[in-house]
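**Student:** Give me coordinates for this.
(chains A and B)
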Amino acid sequence: MRNSKLWSGLASIFAVILVIAILGQALAVANASYINSALGISTTQVVQTGESGDTTYYKSSFGDFDDPAAQAALLAASFEQNINEMREGAALLYNNGALPLSSSETSVSLFGHAAVDPLFQGSSAGTKASDGALNVVNLRQALEAQGFEVNGALWDALKAQPTSRASGGDGGGWGGPAPTGSAANTEENKAFYEGQKGTWASAYRDAAIVVFTREGAEGTDLIMNDTDDDGTTPMSSLALHQNEKDLLALVREEFDKVIVLLNSPYQMEVHEILPYCDAMLFIGTPGHQGFTGVAEILKGAVNPSGHLVDTYATSSLSAPATVNSGTNTPKFANVDEINSIIGSDECSEYISFQAESIYIGYRYYETRYADAVMGQGNATAAAGALPGASSWNYADEVQFPFGFGLSYTTFEQKLDSVDVGEDEITAKVTVTNTGDVAGKSVVQLYAQTPYGEYEKSHAVEKSAVQLAGFAKTGMLEPGASETVTVTVDKYLLASYDMSAHNGEGSYILSDGDYYLAIGNDVHDALNNILAAQGYTSADGMTADGDSAKAHTWKQSFDDEKYRTGENDVPVINQFEDCDLNYWIEGAGTYLSRSDWEGTYPTEQTTVAATQEMMDILDGEWYEKPADAPSYSEVAAKFGVDSGLNLAIMKDVPLSDRETWLQFIYQLQPEDLPNATAESFSCPAVGDLSPSFGVGDGCDSVGGTLPHTVEFNGEQVNPPTTRYCSKIILTGTWNTELYANRGKLMGEDGLWSGFMINYSLGGDLHRTPFGGRNYEYMSECPTMSYLAAIPETEAMEKTGAHMGTKHFCNNDQEFYREGVACFFNEQAFREGNLRAFEGGLRVAKAGGLMQSFARMGLKWTSASYALNTTVLRNEWAWTGAIDTDAAPCFDAYVDGGYKNHAAEVLAAGTQEWCLDGVGGHGQWVLQKAKDTDDGNLLNLLIEAAISWEYAISRSGITNGIDANATIIHITPWWQTAFTGAIIASGVLTAACVILLVVSKVPGKGKEN
Amino acid sequence: MKSKAAGFYFACIAAVLAVATLVITLVYGGRGGQVNTLAVVALVAAIVCLVSLFFGERIWTDFTGIIAAALLAFVLMRVLTDGVWNIAESINGIQMVGHPELAGMNILMAGVNLAAIVVTILACFTKKSK
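**Tutor:** Next up, the predicted model:
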C-alpha cells in the first residue's frame, strides 16, 4: 500500500505538471509576442553572407547605437522636449497678477490629492511614469529645483492618506483601484485639511498651490452622471465635488495667494474654481519631467505661451454631443432581439447618433454665438442653454474659448496683408511685444465661409468660424517685433455637400463673402469678423471686435475644384449608409444652425434595428467573386526564389508591382498569415523579413533603451520618455515642437527596434468626457489636421513609421467595442476624417490603427468605403492598415464582431492588432483552401506587400545587405516547455506503470 | 468515521474546494466572464473523481485521484487562459478586450483551484481508510 500511495502521489504531481506544461505552452505560444517582447527575445537573426558595407540605412542623429553616450544624448534631448512642451503648452487661464511668484515668494504649500499623486499620464499604452520611478520629476522636486521651499509636513500627510484616485501611474495593480471615470471622493475631505493647518501656520504661506485632476483611461470615459462625494447628489464628473469646494474655501481663507493647477486632460467646470483662486494654469499631464516646466512658469523663469485646443464650457454637459455619447450612449431599442438573432458576440448593443453634426467644441458655441448676434436660427432659444436659463447666452455658456491663453506680457498683432491665391491664402502678421518681459506669441488665423440660401436649402452646415492656420513667434524681447507668415490651404475652407452634382456629392466652395481674421482666441477672431460685418456690442457681442484684424474677399460657387482626390479619383458620397436616416427615415435629427431651437438634441436617439440592419451588424458579407481564380492557380506562383530581399526591396517603389509580387512569391502561402500578425513582437514572414517590435502610445512609444544605467543601485534599461499629453503638445501651437516630438519619438522607436509607433491620436474631443482625449490632439479637426503633419513627417524620416490611431470615430471609451456610430457625410468628412487626413494623406504616415467603433453598421475595419475607397483611392495612401486590438487568444473563433476576417481583409484592412500568431490570417488562408478561393489568397498577398513595403522603409532594414539571410530561432521558453512536457509525460507514465505494478498481487509491497 | 484515514479528509477538502471553484466560475460567467465549457465539464468530472475517494480504498481510487488532480490542473490553466486579458488589463489599469473588473475573480478561481490541486495531491499520497 505504501508504494502504491507513493506512485499514486508522484503520478498526480507529474500529471499536474504535464497538464500545466501542455496548456501552458499553448497559452504561451498564443501570447508569444508579448512574452518575447517582455523578455527582449528575437525569434530571428539576420546573417550577413557577403560584403556588408554600411548597412545602417537609418542612423540615429545622436550617434552610434552601440554608444551609451549617444543614448544619453537622446534621453537628454527627449527630456528637454518634454519640458519645452510644458513650457510652451501649459495655458495660463486666469491671472490677477499673482503669477509669476516674486523672488520673495518662495515658501509654498501644496494642496490637493493630485499634488502628491498627479496624473503623470493617462492609462493606456506607453511608458508609465510614476513618482519615484527612473527619470521622473514630481511637482515638489520641480519646485525645489526652482528654489521653492515646499511644506513637507503637508506633503507627507497627503502622501500618507489612503485616498485613491484611479491608477494613472502604474495602473491599478493587484487590488489597486481601476480607473472608473468618477471624481467622487478622490480628494481629501475638509477634516483632513483642517487638521493640517498647523503645517502652514507660521511658514509656507507665500502661496497655496492646489492641484486638481480627473482621470479617464483606455476603456473608461469620464462619467457624465457622476455623484458628489456624498455618493448620492448627481453631478458631472467634471464639476467640482464637495471636498474640492471645501478645499478651495479653506485655502482662500488661509492664504493670500491661491494658484490652481489643472492636471486634468478633460475640461473641468472651472467657473467654480475662479472665485477662489488668483491664478489658474492648465498643465494637462506632464509625463516624465513636464513638472519642471510648470515650476519654471510659476517662478517666472518661463513666460507661458500655451493656448487651449479645447473649449472650456461652463457646463460640461452643454456640448450637443453629450446626449448620445460616452456614458450616455443609448442601446438599440430592440437589443434583446438583436442579441438573440445575431448573437451578443457581435457587440451590437449600443448606438451613438452624432446629432451634433459638424458642431463639436467651438464650432457649436461660437456658431451659436454668431447666430445670436446676427439674430439667425433661433440661436438664443433656451434649448441647450444652462439648466434653468430662459435663453442661450454665450457669456454664460463659455468660460474659456478655444485658443485662449494668457502671457506675463502683452502682444499686439497686426494683420499686414492677406493674399488670396488660387490654391493657397497667405497672411502676414506682425507681432510686437508691448509688455515688459520676453515671450512668445501665437498667431491664430480663423476663417468664416458663407452660410447662405444655397447652404440652407442643401443642408450644408457651416461653422461661423474655423481655424485656418497658425504660427508661433520666436522669443520676443519687450518692444521687439516679428512678422510671421501663415499659409492656408483653400481646401480647408471647402465644405462637403452631400447633394452636389445631383446627389453624387463633392466638396464645394460656397458663393459669397469669405473672411479671415486673427484673434487671441477663436472668440476674439469671430468678434473681429463680426466687426468687419458691422456688428457691435449693441448687437449682443461680448465685446466690440476689431475689423482691422479681419480680411474679406469674394468667392464664386465652385463644385469642381475639390471634386477629385489624388490621381483624379472622384470624391463622392461614400458613407450614406452611416446616416441613421438611410435605414429608418426620420429616425434622427441633426443639429442645424438654420434652427437651433428645433434641432438641438435634448433626448437620446435610438431605434429598433430592422432585419436589414441586423444582417449588416452580423458582419458576414464576403462572397467569393464569380471570376475569382482558383486557390491552386494562385498558389502555384509561390516558392520561386528570385534572389530578392529587404535590402533590395527598400529601393523598389510600390508602383513596381511585378517586382513586389516576385518578392512575395518567394514565400509559401502558409507564410502569409504572419504578414497579417501585428503585435508587440511581430513574427518573421518566412525568410523575407525578421521579427520586430512595434511601439504604442501617443505620448510615449513604450519600450526600453539598450544601454543600462544605474538606478537605486541596480543596472536597468531606461524606458523611453513619456512626454506631455497630446493636448499640451498641440497647445504649444509650435510646429517646431510638433516636429521635434515626432523626431524624438521616432528615435525612441528606432533605438527600441520598433518598425512603427502607433503614436498619433487623431480622434476628436467630441465631448470633454472622452476617456482618451489626452491622446488625441484637439476638438478641432483642422487643428488635428495641421498639427499631425509636422510630427508625422519628422517621425517618418527616422526609420520608425508613424502609426495614426484610432481611425476613426473612437471618440468615446465606454461601449467603444462595436458601438454603431451614425453620422452624416459632411460631418464625417469635415470632422473625424479631416482630423486624420493631415497625418495620412498629406504627411504619409506609414501605418494606422483602426478603432473598435462601427461606421454605421459596419466595424471600421470592415468598411470598404473607409479603407479602400477613401484611404487607398481618394488619398492614394500606401501605409499598413491595422485593426485595433483583436487578439486571437488561444484559438480563432469564427464569428464575433472582430472575427469576420474575410470581410475585414476584403475591405482593405490587412493586419490584426495583437494577433501575434496570425490567427485571423490563418483562418482566411484555410477558408481560401476550403472554398478554392484564389481571391482570398490574393488579398493575403496584398496584405503581405503592404506589410513588407512598410518594413522595407523602416529601421528594420538596418544590418541587412543584399546577401543577408534570416535564420529562425526558437525561444528558450518554448524549448523549456517542450522539455517539461516530455519529462513530466515520461515520469507520469512511469509512475502510473509502477502504480499498476504495485497493485498486481505479489508485485507490490502491499500491506 | 473511525475507519476514515487522512486521504479521506484530504479528498473531502479538495472536493469542497473544487465545488467552490465551480460556484465562483458560475458567478464569474454570470458577470460576463468567459467560461470555457470544457473547463466546467472537467471541473464536474474532477468533483466526481474526488467524491469517489469518499468510499475508502478501492482498486480505482489511486487512479481517480490522479485523474482528479490532472483535471483540476486543466481547469487551472483554462482559468488563467481565459482570464489572461482581464488580469493584464487590471494590472495596466485599462479596459481593452477583457474584463479587468473580473480579474480578482480570475485570481480567486485560480487560487482556490490551486489549493484544490495541492490537497488532491496530498490525498493521492495518503490512504483513504484505515
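**Student:** residues from chain B in reach of chain A?
**Tutor:** B:57, B:59, B:62-63, B:65-66, B:69-70, B:72-74, B:76-78, B:80-81, B:84-85, B:89-97, B:100-101, B:104, B:107, B:117, B:120-122, B:124-127 (CB under 8 Å from any CB of the partner chain). Where you see a C-beta, it was placed from the backbone N, CA and C, and this is true even at glycine.
**Student:** In helices, which of these appear?
**Tutor:** B:62-63, B:65-66, B:69-70, B:72-74, B:76-78, B:80-81, B:84-85, B:89-92, B:104, B:107, B:117, B:120-122, B:124-125 (DSSP state H).
**Student:** just the buried members of the residues of chain B next to chain A?
**Tutor:** For the residues of chain B next to chain A, a burial check counting by 16 or more other CB atoms under 10 Å in any protein chain shown picks out B:57, B:62-63, B:65-66, B:69-70, B:72-74, B:76-78, B:80-81, B:84-85, B:89-97, B:100-101, B:107, B:117, B:120-122, B:124-127.
**Student:** And the lowest mean pLDDT element among the helices and strands of chain B?
**Tutor:** helix B:61-92 (a mean of 91; mean pLDDT, DSSP states H and E).
**Student:** Relative to A:Asp64, how far out is A:Pro690?
**Tutor:** 21 Å (CB to CB, to the nearest Å).
**Student:** again, but for A:Leu6
**Tutor:** Applying CB to CB to A:Leu6 and A:Asp64 gives a distance of 61 Å.
**Student:** so which residue of chain B comes closest to chain A?
**Tutor:** B:Gln95 (2.4 Å; CB to the nearest CB).
**Student:** Excluding covalently adjacent residues, which one is nearest to that residue?
**Tutor:** A:Gly219 (2.4 Å; CB to CB, 6 or more residues apart in numbering or on different chains).
**Student:** Ok, B:Met105 next?
**Tutor:** B:Met105 sits nearest to B:Tyr28 (CB to CB, 6+ apart), 4.7 Å away.
**Student:** so the one you found touches B:Val40, yeah?
**Tutor:** No: using CB atoms under 8 Å, B:Tyr28 is not in contact with B:Val40, being 10.9 Å away.
**Student:** Between the two, point out the one with more neighbours.
**Tutor:** Counted by other CB atoms under 10 Å in any protein chain shown, B:Tyr28 and B:Val40 do not tie: B:Tyr28 has more neighbours, with 23 against 16.
**Student:** tell me what the helix or strand encompassing that one is packed against?
**Tutor:** Per DSSP states H and E: B:Tyr28 is located in helix B:6-30. Here helix B:6-30 touches helix B:37-52, helix B:61-92, helix B:103-125, going by 3 or more CB pairs under 8 Å, 6 or more residues apart in numbering or on different chains; DSSP states H and E.
**Student:** for the record, mean pLDDT for that helix?
**Tutor:** Across helix B:6-30, pLDDT averages out at 95.
**Student:** contacting residues for residue 97?
**Tutor:** Using chain A. When contacts are counted by CB atoms under 8 Å, 6 or more residues apart in numbering or on different chains, A:Gly97 touches A:Asp278.
**Student:** Wait, chain B was what I had in mind.
**Tutor:** B:Val97 neighbours (CB under 8 Å, 6+ apart): A:817, A:885-887, A:914, B:85, B:89.
**Student:** of these, buried ones?
**Tutor:** Among these, those classed as buried by 16+ other CB under 10 Å are A:817, A:885-887, A:914, B:85, B:89.
**Student:** And the residues you listed, which two are furthest apart?
**Tutor:** Greatest spatial distance among those (CB to CB): A:Ala886 and B:Glu89, at 14.9 Å.
**Student:** sorry, back to before: B:Val97 versus the residue nearest to B:Met105, what's the distance?
**Tutor:** 17 Å.
**Student:** What is the burial count for the one residue in chain A that gets nearest to chain B?
**Tutor:** Residue of chain A nearest chain B, by CB to the nearest CB: A:Gly219 (2.4 Å). Number of residues near A:Gly219 (other CB under 10 Å) recorded here: 26.
**Student:** quick one: secondary structure of A:Leu281?
**Tutor:** A:Leu281 falls in the strand class when you classify it by DSSP: H, G, I helix; E, B strand; the rest coil.
**Student:** tell me the contacts of it?
**Tutor:** A:Leu281 touches A:90-93, A:99, A:259-262, A:294, A:297-298, A:304, counting by CB under 8 Å, 6+ apart.
**Student:** now the buried ones among the contacts of B:Val97 in CSV, with secondary structure and distance to A:Gln399?
**Tutor:** Output for the buried ones among the contacts of B:Val97, formatted as CSV (DSSP: H, G, I helix; E, B strand; the rest coil; distance: CB to CB, whole Å):
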residue, secondary structure, distance to A:Gln399
A:Glu817, coil, 34
A:Ala885, strand, 37
A:Ala886, coil, 41
A:Pro887, coil, 43
A:Leu914, coil, 40
B:Trp85, helix, 40
B:Glu89, helix, 35
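**Student:** Can you tell me which of those residues comes closest to A:Gln555?
**Tutor:** Closest to A:Gln555, out of all of the buried ones among the contacts of B:Val97 and judged by CB to CB, is A:Glu817, at 43.8 Å.
**Student:** So A:Ile508 sits against A:Ser495, correct?
**Tutor:** Yes: the pair A:Ile508 / A:Ser495 is scored as a contact, 5.8 Å apart, by CB under 8 Å.
**Student:** avg pLDDT for stretch A:719-729?
**Tutor:** Stretch A:719-729 comes out at a mean pLDDT of 97.
**Student:** Pick out the residue nearest the middle of chain B.
**Tutor:** B:Asn113 (3.6 Å; CA atoms, centre = their mean).
**Student:** The closest residue to A:Phe754 other than its chain neighbours: helix or strand, and which one exactly?
**Tutor:** Counting by CB to CB, 6+ apart, A:Gly695 is the residue found nearest to A:Phe754 once chain neighbours are left out, at 4.2 Å. Assigned by DSSP H and E, A:Gly695 belongs to strand A:692-696.
**Student:** helices or strands next to that strand in the packing?
**Tutor:** Using 3+ CB pairs under 8 Å, 6+ apart, strand A:692-696 sits against strand A:681-682, helix A:735-752, strand A:754-761.
**Student:** chain center to the longest one: distance?
**Tutor:** Taking CA atoms, centre = their mean, to the nearest Å, one finds helix A:735-752 lying 16 Å from the centre of the chain it belongs to.
**Student:** before we move on, what about stretch A:841-856?
**Tutor:** That offset, for stretch A:841-856, works out to 11 Å (CA atoms, centre = their mean).
**Student:** In CSV, could you pull the C-alpha coordinates for that stretch?
**Tutor:** Output of stretch A:841-856 as CSV, limited to C-alpha atoms (Å, rounded to 0.1, in the frame of the first residue of the first chain):
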residue,chain,number,x,y,z
ARG,A,841,-2.9,61.9,-46.9
VAL,A,842,-0.6,64.9,-46.5
ALA,A,843,2.3,63.6,-44.3
LYS,A,844,2.0,60.0,-45.5
ALA,A,845,2.2,58.2,-42.2
GLY,A,846,3.5,54.7,-42.6
GLY,A,847,0.6,53.0,-40.9
LEU,A,848,-2.6,53.4,-39.0
MET,A,849,-4.6,51.6,-36.3
GLN,A,850,-8.3,51.5,-36.7
SER,A,851,-10.9,51.7,-34.0
PHE,A,852,-13.3,49.4,-32.2
ALA,A,853,-16.3,51.5,-33.3
ARG,A,854,-18.6,50.9,-36.2
MET,A,855,-19.2,53.2,-39.1
GLY,A,856,-22.9,53.0,-39.1
